[in-house]
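*Asks:* using only what follows, build the 3D model:
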Amino acid sequence: MPSLKKPLSGTAVKIFDPRDPSTGSGGAEVLDPTIVKRSDQWWMYLAGQAHGYGPTEIYSASLPPKAPLSAAGWQLTRDAAGALEPVAGPSPGGRWDSNGGRHCPSYVRGWDPRQAAWVERIYYAGAAENLWGPYTIGFLQWDGEQWMAQPEPVFLAQDAWEHGSVYEPNLIFHDGKWKMWYVAGSNHEDYLVHGYAESEDGSTRWSKHKVFAPPEMKMFDFCVRQRADAFHAIFSRVCLSGGPPSPETGLWWCSGGTPSGELTGWSAPLQIITAEDRGWHSGPWKPSFQFDEAMGERALVFFDGAYRTSDPGPFPFAFTLGCLAVDLPGT
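*Replies:* As a prediction, this is how the structure comes out:
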């Protein structure tokens, strides 16, 4: 999968920043977006910490009903007292996603043969004890009125190359299968390998876990969307070593005629954002995108960012959420 080095051009804007009151985050760090239009309204599901500490939860933000997809106008969902409102309550039993919280949500709608019905789910990584993992993957499911947590995860590490932890799920439903790209390994070990698996029901029967991208690529997300007869993917490459980021760090685009579970089934990628420090973000990751309804060639790519602060302590950074408008080839 050779890379095409010339970056695509685009304009990035900030959506949420815990230290920028104008963004409406109210001091909360909310990131890891997944974007979907439900009925006549655009929704964003995010992971974050309402007060900057403790287990992460999944929250939501939305645009006004019937409003077009945009980087501007997102409002976080809050309760009557103004506090951020999690989209779902605790998992029954509260074990697998409790102390370490819920991370990296991915919305998908698909067919569940067990229920003989179309279902809406938000997959995410959960950690039982620590914010930093190890992780397993499960989902929330819409029951017609609310998102319901499940008692157990549905996807666990099973092979030695996964190092006991699976996270950053990105799913689509296509050709009768729930198809998932995911990260295995751990950030603190600087070992990330991208995996792929598929299932008929998205829950109990998963195919053999396959390596999709090798550790040296440092691929951290692989978000897939269909437009007409083509499939597009935007993924991140990260730098966890603590040194200067490599030129490959940032967000990339590729495409294919099918949503292949093999990296070789996708086109040579084009870089769409580098790791250049832009003040409110550098080294972007966790892309989620949708195509502009009015301009078919344009995609809105939502992503995580971070910037250094002057705070004392071992982690002097703030997390941000941004959006890049970019015209993708072949759309």
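*Asks:* flag every buried residue along stretch 34-45.
*Replies:* Going by neighbour count (16 or more other Cβ atoms under 10 Å), the buried part of stretch 34-45 is Thr34, Ile35, Val36, Trp42, Trp43, Met44, Tyr45. C-betas here are computed from N, CA, C, even on glycine.
*Asks:* using the three-state scheme, assign Gly322.
*Replies:* Assigned by DSSP: H, G, I helix; E, B strand; the rest coil, the conformation of Gly322 is strand.
*Asks:* hmm, it is touching Ser282, no?
*Replies:* No: between Gly322 and Ser282 there is no contact under Cβ atoms under 8 Å: 11.0 Å.
*Asks:* find residues that contact each of the two.
*Replies:* Gly305 (Cβ atoms under 8 Å, 6 or more residues apart in numbering).
*Asks:* higher neighbour count, these two?
*Replies:* Higher neighbour count among Gly322 and Ser282: Gly322, with 23 against 18, using other Cβ atoms under 10 Å.
*Asks:* residue contacts, that one?
*Replies:* Shown in contact with Gly322 (Cβ under 8 Å, 6+ apart): Ala12, Val13, Lys14, Ile15, Trp280, His281, Pro284, Phe302, Phe303, Asp304, Gly305.
*Asks:* and Leu63, how close does it get to Gly305?
*Replies:* Going from Leu63 to Gly305 by Cβ to Cβ, to the nearest Å gives 21 Å.
*Asks:* strands along the stretch 101-250 of the chain, start to end?
*Replies:* Assigned by DSSP state E, counting those that start in this stretch, the strands in the stretch 101-250 of the chain fall at 101-112, 117-127, 135-142, 147-149, 166-174, 177-186, 191-199, 210-213, 219-227, 230-237, 250-256.
*Asks:* closest to Ala294 out of the ones you listed?
*Replies:* Ala294 lies closest to strand 219-227 among the strands of the stretch 101-250 of the chain, at 14.1 Å (Cβ to Cβ).
*Asks:* may I see the buried residues of the closest one?
*Replies:* Applying 16+ other Cβ under 10 Å to strand 219-227 flags Met219, Phe220, Asp221, Phe222, Cys223, Val224, Arg225, Arg227 as buried.
*Asks:* ok, for Pro247, nearest residue in space, not its chain neighbours?
*Replies:* Thr274 (7.2 Å; Cβ to Cβ, 6 or more residues apart in numbering).
*Asks:* spatially nearest residue to Val30 (excluding sequence neighbours)?
*Replies:* Residue nearest to Val30 in three dimensions, not counting chain neighbours: Gly48, with 3.6 Å by Cβ to Cβ, 6+ apart.
*Asks:* which of the three states applies to the one you found?
*Replies:* With three-state DSSP as the basis, Gly48 sits in strand.
*Asks:* can you pull the pLDDT of it?
*Replies:* At Gly48, the model reports a pLDDT of 92.
*Asks:* low-confidence ranges in the protein?
*Replies:* Within the chain, the stretches with pLDDT under 70 are 1-10, 241-242, 312-315, 330-331.
*Asks:* show me the buried residues of stretch 34-45 that map onto strands.
*Replies:* Counting by DSSP state E, the buried residues of stretch 34-45 place Thr34, Ile35, Val36, Trp42, Trp43, Met44, Tyr45 in strands.
*Asks:* tell me what the fourth one is bridged to.
*Replies:* Just to be clear, that refers to Trp42. With DSSP bridges as the criterion, Trp42 is bridged to Lys37.
*Asks:* in JSON lines: the strands of the stretch 101-250 of the chain, plus distance to Ala67.
*Replies:* Shown next, in JSON lines, are the strands of the stretch 101-250 of the chain (distance: least, Cβ to Cβ, whole Å):
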{"stretch": "strand 101-112", "distance to Ala67": "18"}
{"stretch": "strand 117-127", "distance to Ala67": "21"}
{"stretch": "strand 135-142", "distance to Ala67": "22"}
{"stretch": "strand 147-149", "distance to Ala67": "22"}
{"stretch": "strand 166-174", "distance to Ala67": "25"}
{"stretch": "strand 177-186", "distance to Ala67": "30"}
{"stretch": "strand 191-199", "distance to Ala67": "34"}
{"stretch": "strand 210-213", "distance to Ala67": "35"}
{"stretch": "strand 219-227", "distance to Ala67": "20"}
{"stretch": "strand 230-237", "distance to Ala67": "23"}
{"stretch": "strand 250-256", "distance to Ala67": "25"}
